[in-house]
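K.L.:
Need coordinates for the below:
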Amino acid sequence: MSDNRYTYGIHQNLTPADLFVYVALDETRKQLGIDDLAAASAVLLGQADVPVPGKVAGATQGTSIASLTARKLLPLKLRVRLPMITKVGLSGVRIGFTRNLGAFVGRTIPVVGELFLARDAFMIMRNTVLTYNRLAKADDRVPL
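P.N.:
As a prediction, this is how the structure comes out:
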């Protein structure tokens, strides 16, 4: 690490690592907004933490608030079977199929939330590295 010093906003005499942290904090502040609140809510509402009696052996235990609500609001049976993620873990992703539109929507809500949060994490890191490299001297830059 070099002995170069930087100024960022009100912060002075920053090492390259300190500069990177302040840029990352600033980029995170810029990126987070109402979309992230909705995405985090979707992930939380999609957690299978509501106990349900009578599940068959091998089924994912419990159900989510999103699934319960979607099943009540969309009690439609479809002609085609729609794929849905039923479990994600160390053993991989388990896919199930349903003809119930409410079940499909209920299982899809947390996946959409996780995709939005992953996109935000990517954008924060991308913007952090680009901004940092624009501010840093050549020997302190992060290789792309």
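
K.L.:
is it true that A136 touches L19?
P.N.:
Yes: applying C-beta atoms under 8 Å, one finds A136 in contact with L19, separated by 6.6 Å. Heads up, the C-betas are built off the backbone N, CA and C, glycines and all.

K.L.:
Which neighbours do those two have in common?
P.N.:
Shared between the contact lists of A136 and L19 (criterion: C-beta atoms under 8 Å, 6 or more residues apart in numbering) are residues Y6.

K.L.:
the more surrounded of these two?
P.N.:
Neighbours per residue (other C-beta atoms under 10 Å) separate A136 from L19, with L19 holding more: 21 against 18.

K.L.:
Which of the helices or strands spans that one?
P.N.:
Secondary-structure assignment from DSSP states H and E places L19 in helix 16-31.

K.L.:
got the residue ranges for the helices in the protein?
P.N.:
Taking DSSP state H, the helices of the chain run over residues 16-31, 34-45, 65-73, 101-135.

K.L.:
Can you check which of the ones you listed gets nearest to G58?
P.N.:
Judged by C-beta to C-beta, the one of the helices of the chain that comes nearest to G58 is helix 101-135, at 16.4 Å.

K.L.:
Tell me which residues touch Y22, please.
P.N.:
Contact partners of Y22, counting by C-beta under 8 Å, 6+ apart, are 8-9, 11, 14.

K.L.:
And the lowest mean pLDDT element among the helices and strands of this protein?
P.N.:
The least trusted helix or strand in the chain, going by mean pLDDT, DSSP states H and E, turns out to be helix 34-45, with a mean of 85.

K.L.:
Show me what it is packed against.
P.N.:
In this structure, helix 34-45 makes packing contacts with helix 65-73, helix 101-135, judged by 3 or more C-beta pairs under 8 Å, 6 or more residues apart in numbering; DSSP states H and E.
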